[in-house]
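Colleague: requesting a structural model of the entry that follows:
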Amino acid sequence: MEITQLNLNPEQINNEKVNNLYNQMQEFIVKLHDKNLPSETVLFINQQIDAANSSILKDSQLRKFLKDKQNTIIKKLETDHKIVPKNYYRNLWIALGMSAFGLPLGLLLGLSLGNIGLMAIGLPIGLAIGAGVGSSMDKKAQQEGRQLDMELKF
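Modeller: From the prediction side, this is the model:
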C-alpha cells in the first residue's frame, strides 16, 4: 500500500512558515516510503494526509493544522514501530531533563543553602542530563535503523 502525497492548493500556501512546514512534510512523507510499514499504519498516515489535503484553512491556522497532523503521524510511528526523526529523543529529553531533574535539584540546592535564588542552577544541570540521555537514545535508534534520515525543524 502506498502513502498518499500531500497536495495543498497553492493559494493556501502564501506564508513562508507554512511553505517551510509544507516542504518538510513532503520530505517526511518521501522518507516514510523507504520504511517497510504495515498496511494499518500506512492507512492511518493516509487518513492524516487526506485530512490535510481536504483542508481549506490558510496562514497560521493551516500551519497549526499541518503541525498537528505531522506530530500525530510521528507519535503513531514512535509508539507502534519506534521509528523517529533525527534528534527526536534529544529534543524530548531536554525538556524532560530540565523539568524532571533540573528543577528538583535546583530546589534542593536552593533550600539546603538557604537561598532559593539558586534554584535556577538546576536547569542547566537538567538540560545536560536530558541532552545526554536523549542523544544516547538517538544514537541507539540510528544503529538499529529506526531513525529517519531527516530532522524536523518546523
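
Colleague: which residue, other than its chain neighbours, is closest to residue 41?
Modeller: Excluding the flanking residues, the one nearest residue 41 by Cβ to Cβ, 6 or more residues apart in numbering is residue 80, at 6.2 Å. For the C-beta atoms, the positions are set from N, CA and C on the backbone; glycine is no exception.

Colleague: rounded mean pLDDT for the longest strand along the chain, please.
Modeller: Longest strand in the chain, counting residues (DSSP state E): strand 147-151. Strand 147-151 comes out with an average pLDDT of 93.

Colleague: that one packs against which elements?
Modeller: Packing partners of strand 147-151 (3 or more Cβ pairs under 8 Å, 6 or more residues apart in numbering; DSSP states H and E): helix 16-34, strand 84-86.

Colleague: contacts for the longest one, please.
Modeller: Spelled out, that is helix 16-34. By Cβ atoms under 8 Å, 6 or more residues apart in numbering, the surrounding residues in contact with helix 16-34 are 2-3, 5-6, 8, 12-13, 45, 49, 52, 59, 62-63, 66-67, 69-70, 73, 77, 85, 148-150, 152-154.

Colleague: what does stretch 132-139 give?
Modeller: So stretch 132-139 is contacted by 84, 86-94, 97, 147 (Cβ under 8 Å, 6+ apart).

Colleague: buried residues of it, list them for me.
Modeller: Under the neighbour-count criterion of 16 or more other Cβ atoms under 10 Å, stretch 132-139 has 133-134, 137-138 buried.

Colleague: buried residues in the helix or strand hosting residue 52, which are they?
Modeller: Applying DSSP states H and E as the criterion places residue 52 in helix 39-53. Using 16+ other Cβ under 10 Å as the test for burial, helix 39-53 gives 41-42, 44-45, 48-49, 52.

Colleague: for residue 142, state which of those is nearest.
Modeller: When those are compared for distance to residue 142 (Cβ to Cβ), residue 41 comes out closest, at 20.7 Å.
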